[in-house]
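Enquirer: Need a 3D model of the sequence below.
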Amino acid sequence: MLEKAAARELYDRLVESEVGRFLAQTKETFDLVLAADLFVYFGDLTGLLGEIARAMQQDGLLAFNVETTRADFAVLPSGRFAHAVAYIEAVSRSDFDILEIRETMIRLEANKPVAGVLVILQRR
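Expert: Model prediction:
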């Protein structure tokens, strides 16, 4: 994916790293973090949201999507995680204000729509 992205010549910089490690080590701050289909690979979001918050500027925006479930989080047959909206609200509360949580189709998988939510948070 990085080779394909580099070939498009659209990016100032591309980084290959595990997201938590990158966020923990970076000295940069961000005003926008877009995590499209990333959180589905994490169960407990507490640590990841904390690292994102630490690396964000005040009033910065975090946008992400997840599949939903009734439990705080659960592994789906696909191997991805789903998260409860109430869980997302609870774990984001210490650092973020919720701007929007909207039910939507988050992707196509095998040409079938996958339901979930789009979440937009603002760093306090």
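Enquirer: contacts for stretch 9-18?
Expert: Leu2, Ala5, Ala6, Phe22 (C-beta atoms under 8 Å, 6 or more residues apart in numbering). For every residue, glycine as well, the C-beta is placed using N, CA and C.
Enquirer: Serialize those residues to CSV and add fields for distance to Thr29.
Expert: Formatted as CSV, those follow (distance: C-beta to C-beta, whole Å):
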residue, distance to Thr29
Leu2, 23
Ala5, 23
Ala6, 25
Phe22, 13
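Enquirer: how much space between the closest residue to Ala71 other than its chain neighbours and Ser78?
Expert: Using C-beta to C-beta, 6 or more residues apart in numbering and skipping residues adjacent in sequence, the residue nearest Ala71 is Ala84, 6.2 Å away. Ala84 is 17 Å from Ser78, where distance means C-beta to C-beta, to the nearest Å.
Enquirer: Of these two, give the one with the bigger neighbour count.
Expert: More crowded of Ala84 and Ser78, by other C-beta atoms under 10 Å: Ala84, with 17 against 11.
Enquirer: if I pick that one, what's in contact with it?
Expert: Thr68, Thr69, Arg70, Ala71, Asp72, Phe73.
Enquirer: Taking those residues, please make a ChimeraX selection of just the buried ones.
Expert: Buried members of the contacts of Ala84 can be picked out in ChimeraX with the line below, counting by 16 or more other C-beta atoms under 10 Å:
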select :68,69,72,73
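Enquirer: and of the contacts of Ala84, the nearest to Met56?
Expert: Comparing these against Met56 with C-beta to C-beta places Phe73 closest, at 22.3 Å.
Enquirer: OK, contacts around the closest one?
Expert: Gly43, Asp44, Leu45, Phe81, Ala82, His83, Ala84, Tyr87.
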